[in-house]
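Undergrad: need the 3D shape of this:
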Amino acid sequence: MSNALHYRPVEGRRVPPFLRPWALVQQELATLFRFRWGIALFLFCLLPGLARLVMLLIAFGVLNFGPVQMQRRLAGRTPPELLQFDPRHAAFYIEPVVSVLPGMVFFLVLTTVVVARSVAGDRAVNALELYWTRSITPWRYLLGKWLGGALLTSAITIGVPLVLWLTALFLAEDFALLADSVLPLLRALGALVVMTLVWTGIGTLLSTIAGGPNLAMVLWIGLTIGSSALGNILSRVLREPWLRECLSFWDAGAVLVRWSADLPQRQVSVAGAATTLVVLLAAALLLAARRLRTEEALQ
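TA: Now for the predicted structure:
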């Protein structure tokens with residue numbers, strides 16, 4: 001009888017390298033939905049969209065809480081300061097996403113739990129050694145983590161405005177709403193796609209730089225709130241209102257989204273906002289590049 005060891009053959013096929021990040025994308029998408037608290041958190045982040053849905057139902061008479069409906073009140077020309085409450089305009093669907101409250105708050109809650117912890121969480125449990133030395137390159141790993149977090153975040157930054165707009169088109173009596181809002185909204189949604197990728201890209205790179213998930217969360221919250229606070233303070237001290245958007249990476253993205261949809265803005269610098277995002281993204285990428293080496297995972 002032979003004492004030779006026999007191993008079972010490996011069943012399955014090798015996944016091509018360019019498809020391997022997709023497994024990480026799926027993993028990131030499922031992160032919240034593995035636990036009850038994660039599902040509750042995701043539903044919590046949908047609350048602004050549900051509030052806008054109620055406003056839509058009232059505006060089109062589906063819900064009637066009084067003799068005078070919002071649809072009648074909205075008849076005629078809407079003042080610029082009230083555009084965000086008028087379903088005929090793109091601002092109604094975009095402002096809840098790009099405003100500080102509720103937009104930034106709910107975005108920050110979701111991305112702090114998912115995006116900010118994505119790479120740092122794997123580093124804390126020494127999973128990077130397994131990923132980077134056996135199955136996937138560091139940059140492809142980063143790509144999978146980034147796209148997964150971006151797709152999950154896009155549910156509230158892109159999915160909610162799109163669903164609300166389609167609902168409004170279904171409830172409208174004619175095609176006037178479609179004609180008035182289609183081009184500005186499509187431009188705004190395109191800008192939101194870019195901004196979601198940029199915002200989550202910065203968060204994923206910060207997670208790469210951080211040594212652990214808790215530090216990554218602190219860095220992400222500090223950058224988001226701190227840059228906004230710094231912009232507010234300097235804009236008041238120097239009496240230059242455009243500095244508020246240029247120094248806050250969240251407000252900088254909001255400026256570009258509003259600009260793409262031709263929404264009214266006062267004393268903003270579109271070029272300055274774009275420069276802020278490019279510089280911040282480039283700086284985060286340069287700092288993260290050193291951490292995206294196989295030697296880093298083996299330490």
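
Undergrad: need the helices for the stretch 101-250 of the chain, in chain order.
TA: 105-113, 118-124, 127-134, 138-154, 160-171, 176-209, 213-237, 242-247, 249-260 (DSSP state H, counting those that start in this stretch).

Undergrad: pLDDT below threshold where in the stretch 1-150 of the chain?
TA: Applying pLDDT under 70 to the stretch 1-150 of the chain picks out residues 1-7, 10-13, 17, 65-82.

Undergrad: redo that, cut-off 80
TA: In the predicted model, the stretch 1-150 of the chain carries pLDDT under 80 at residues 1-20, 61-84, 133-135.

Undergrad: all strands of it, in order?
TA: For the stretch 1-150 of the chain, applying DSSP state E, counting those that start in this stretch gives no strands.

Undergrad: if we can go back for a sec, out of the helices of the stretch 101-250 of the chain, flag the one nearest residue 15.
TA: Closest approach to residue 15 among the helices of the stretch 101-250 of the chain (Cβ to Cβ): helix 138-154, 11.5 Å. All C-beta spots, glycine's among them, are computed from the backbone N, C-alpha and C.

Undergrad: what number of residues lie near residue 40?
TA: Residues near residue 40, counting by other Cβ atoms under 10 Å, number 11.

Undergrad: any idea how far it is from residue 113?
TA: From residue 40 over to residue 113 the distance is 12 Å, taken as Cβ to Cβ, to the nearest Å.

Undergrad: redo the helices of the stretch 101-250 of the chain as CSV? Include mean neighbour count and distance to residue 282.
TA: As requested, the helices of the stretch 101-250 of the chain are exported to CSV (neighbours: other Cβ atoms under 10 Å; distance: least, Cβ to Cβ, whole Å):
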stretch, mean neighbour count, distance to residue 282
helix 105-113, 20, 20
helix 118-124, 22, 18
helix 127-134, 16, 24
helix 138-154, 22, 15
helix 160-171, 17, 28
helix 176-209, 20, 10
helix 213-237, 17, 15
helix 242-247, 22, 16
helix 249-260, 23, 13
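
Undergrad: include distance to residue 288 when you put the ones you listed into JSON lines, please.
TA: Converted to JSON lines, the helices of the stretch 101-250 of the chain look like this (distance: least, Cβ to Cβ, whole Å):
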{"stretch": "helix 105-113", "distance to residue 288": "17"}
{"stretch": "helix 118-124", "distance to residue 288": "9"}
{"stretch": "helix 127-134", "distance to residue 288": "13"}
{"stretch": "helix 138-154", "distance to residue 288": "8"}
{"stretch": "helix 160-171", "distance to residue 288": "30"}
{"stretch": "helix 176-209", "distance to residue 288": "4"}
{"stretch": "helix 213-237", "distance to residue 288": "12"}
{"stretch": "helix 242-247", "distance to residue 288": "22"}
{"stretch": "helix 249-260", "distance to residue 288": "16"}
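
Undergrad: so which of those comes closest to residue 63?
TA: Across those, residue 63 has its closest neighbour in helix 160-171 (11.1 Å, Cβ to Cβ).

Undergrad: now do that closest one: which elements does it pack against?
TA: When contacts are defined as 3 or more Cβ pairs under 8 Å, 6 or more residues apart in numbering; DSSP states H and E, helix 160-171 packs onto helix 47-59, helix 91-98, helix 176-209.

Undergrad: swap the cut-off to 6 Å and go again
TA: Contact partners of helix 160-171 among helices and strands, from 3 or more Cβ pairs under 6 Å, 6 or more residues apart in numbering; DSSP states H and E: helix 47-59, helix 91-98.

Undergrad: which stretch among those helices comes nearest residue 275?
TA: Short answer: helix 91-98, nearest of the helices and strands packed on helix 160-171 by Cβ to Cβ, at 18.4 Å.

Undergrad: now the angle from the closest one to helix 160-171?
TA: In terms of direction (axes from the mean of the first three to the mean of the last three Cα atoms, to 10 degrees), helix 91-98 departs from helix 160-171 by 160 degrees.

Undergrad: helix 91-98 versus helix 249-260: what angle between them?
TA: Using the same axes, to 10 degrees: helix 91-98 against helix 249-260 is 160 degrees.

Undergrad: got the angle for helix 91-98 vs helix 105-113?
TA: Computed with the same axes, to 10 degrees, the direction of helix 91-98 lies at 40 degrees from that of helix 105-113.
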